[in-house]
Structure formats: C-alpha cells, structure tokens
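**Q** Quick one, fold the following:
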Amino acid sequence: MKFFSLGVISLMMSFLPIKQINIRIFMAGDSTMSIKSPTAFPETGWGMPFTSFWKEDLQVVNLAKNGRSTKTFRSEGLWQSIMNSVQPGDYVFIQFGHNDEVKEKVGSYTTPEEFTSNLKQYIAESRKKNAKPILLTPVARRKFDATGNPIETHEAYSALVRQVAEAEQVALIDHDRLSMAVYGKMGAENSRLLFLQLKPGEHPNYPAGKEDNTHFNELGARLMAQLVLQEIKFKIPELMQYVIRK
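**A** Down below sits the predicted model:
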C-alpha cells in the first residue's frame with residue numbers, strides 16, 4: 001500500500017479539472033421553495049430536488065427561507081446577498097405570495113400595492129445587474145370544495161404576479177395553476193400523498209403527527225420541481241442545454 005505526503009496529495013489535486021460554473025440560478029422565495037433542516041424532514045421545499053436536474057456547469061443557489069415575504073426577504077438582507085453575488089447572464093427565480101397575503105402575519109404582510117411594487121423593484125434591480133428575473137406565482141395550497149374540485153388559494157396575489165410579469169415583460173411560470181391542475185387530477189384524497197401529512201407516531205420529527213396542506217414531502221416537492229422544469233422548456237428554452245439528459 002502506498003502512502004503519500006500532504007505535499008504530494010496537494011500537487012496531485014492541482015492537476016484535477018476544476019468545475020467550471022457557466023451560469024447560476026438564484027432562488028428567492030419562501031418555505032415552499034426553501035432548503036429544510038434535518039429536523040423538519042420529511043418536509044421538503046421544491047427547490048431542493050430542483051438542483052438535481054442540472055449539469056455541473058449550472059449552479060442553483062437557493063436562498064429561499066421559511067416565512068419570508070417580498071418585504072422580509074429584503075429587510076433581512078437575503079435579497080441583497082443575491083445582488084452581491086449575481087453575475088451578468090445569471091437567472092433570478094422569484095416566488096412569493098404565501099406570506100405576503102396573510103394579514104395576520106403583521107411583520108411579513110404586504111398590501112397588494114406593496115407586493116406589486118416589491119416585485120417590480122426586484123425585477124429592476126436584477127436587470128441592473130444584467131441578470132434575468134423570472135416570476136413564479138405561489139404554488140397552490142391543497143384545498144377542495146364539496147364536489148371534489150380544487151379551490152384557488154392565492155387568487156388575488158397570483159393575479160398580481162401575472163400582471164407584473166405582463167407589464168414588465170418577464171417570463172412567468174404559473175406554479176399556482178400548474179399545481180392546482182395536478183391536485184385536481186389526483187383528487188382530494190390522493191393529493192394528500194404530496195404533502196406533509198403524518199399520523200401520530202409515524203415519524204420521530206412529528207410525534208404528534210402533522211396535517212399540512214401547504215408544505216410538501218419529498219414526492220410532492222419533486223413533482224412541483226418537475227412542473228417548473230416543464231415550463232422552463234417553453235418559457236426559458238435556452239436553459240435546457242444545461243439539463244442532464246440520460
């Protein structure tokens with residue numbers, strides 16, 4: 001068995017190819033997109049499986065964080081961290097609404113006027129850096145009416161995202177409508193399989209169980225990420241060259 005000194009190992013490593021990052025996708029959003037801690041598992045943000053679609057020369061930088069709105073994402077410096085790092089040609093995926101729309105969340109709530117203004121400011125600042133902003137409507141919550149049809153849960157704020165995208169000529173991924181269509185096909189009962197829904201004692205992280213119709217499990221997050229990739233094919237086709245193909 002051969003043993004090498006640290007100096008020799010360092011020299012050998014210097015000849016290894018360095019991974020070249022050609023482009024990055026920055027992700028700004030809330031808990032439905034964010035990276036989860038092990039203590040939250042099996043809760044999974046769709047931004048987590050989203051990273052697995054891409055070749056090594058594209059890097060996904062997911063800065064989404066639980067509970068954030070367009071207001072708090074900026075006030076806490078998360079948006080500025082993107083602006084400090086983004087380079088010309090990079091993409092900035094922007095998905096908010098879950099926390100902006102809830103009036104009871106005093107710190108994060110934004111009025112429709114504030115929400116619209118914040119989105120436009122994010123777009124303008126991304127473009128100033130020669131980056132490409134992409135708007136996403138908030139992914140739908142799981143809710144059905146008595147006849148088994150999915151109910152719109154972000155009607156006002158998703159409409160605002162669509163309006164801003166049209167006014168600012170920004171590519172739009174309508175995650176709200178796409179996810180609602182999936183829930184509708186699966187039905188009220190089977191769509192539970194996509195969400196963080198656990199019986200008492202089923203998982204050590206949730207000993208009392210969990211009935212959550214907003215946050216996804218691994219299966220749901222993967223499916224939501226696939227919906228975004230599906231739309232990228234049509235809305236941002238230039239990114240498809242970076243997708244892993246078997």
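
**Q** sec struct for the residue nearest to the spatial centre of the chain, please.
**A** Among the residues of the chain, the one closest to the centroid is residue 33, at 3.3 Å (CA atoms, centre = their mean). Counting by DSSP: H, G, I helix; E, B strand; the rest coil, the backbone at residue 33 sits in coil.

**Q** ditto for residue 93
**A** strand.

**Q** need the contact list for it.
**A** 25-29, 134, 136, 173 (CB atoms under 8 Å, 6 or more residues apart in numbering). C-betas here are computed from N, CA, C, even on glycine.

**Q** and residue 48, what helix or strand is that in?
**A** helix 47-50 (DSSP states H and E).

**Q** Now do the helices in this protein.
**A** Using DSSP state H, the helices found in the chain span residues 6-13, 47-50, 70-75, 78-85, 112-128, 155-168, 175-190, 218-235.

**Q** which one of the ones you listed is the most hemmed in?
**A** For the helices of the chain, average neighbour numbers computed from mean count of other CB atoms under 10 Å are highest in helix 47-50, which has a mean of 22.

**Q** And the contacts of that helix?
**A** With contact meaning CB under 8 Å, 6+ apart, helix 47-50 is reached by 27, 29, 33-36, 60, 62, 64, 218, 221-222, 225, 228-229.

**Q** Pull the most distant pair out of those.
**A** Using CB to CB, the contacts of helix 47-50 reach their maximum pairwise distance at 36 and 229, which is 20.1 Å.

**Q** Out of the helices of the chain, name the one with the poorest average pLDDT.
**A** Mean pLDDT is lowest for helix 6-13 out of the helices of the chain, coming in at a mean of 47.

**Q** hang on, the earlier thing: would you mind saying which of the helices of the chain lies nearest residue 98?
**A** helix 155-168 (8.5 Å).

**Q** what about dumping the CA coordinates of the closest one to PDB?
**A** Output of helix 155-168 as PDB, limited to C-alpha atoms (Å, rounded to 0.1, in the frame of the first residue of the first chain):
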ATOM      1  CA  GLU A 155     -56.400  34.200  -6.200                       C
ATOM      2  CA  ALA A 156     -55.500  37.900  -5.500                       C
ATOM      3  CA  TYR A 157     -51.700  37.600  -5.200                       C
ATOM      4  CA  SER A 158     -51.200  35.200  -8.100                       C
ATOM      5  CA  ALA A 159     -53.100  37.600 -10.300                       C
ATOM      6  CA  LEU A 160     -50.800  40.400  -9.200                       C
ATOM      7  CA  VAL A 161     -47.800  38.300 -10.200                       C
ATOM      8  CA  ARG A 162     -49.300  37.700 -13.600                       C
ATOM      9  CA  GLN A 163     -50.000  41.400 -14.000                       C
ATOM     10  CA  VAL A 164     -46.400  42.400 -13.100                       C
ATOM     11  CA  ALA A 165     -45.000  39.700 -15.400                       C
ATOM     12  CA  GLU A 166     -47.000  41.100 -18.300                       C
ATOM     13  CA  ALA A 167     -46.300  44.700 -17.600                       C
ATOM     14  CA  GLU A 168     -42.600  44.200 -17.100                       C
END
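
**Q** how big is the angle separating it from helix 175-190?
**A** Interaxial angle, helix 155-168 versus helix 175-190 (axes from the mean of the first three to the mean of the last three CA atoms, to 10 degrees): 150 degrees.
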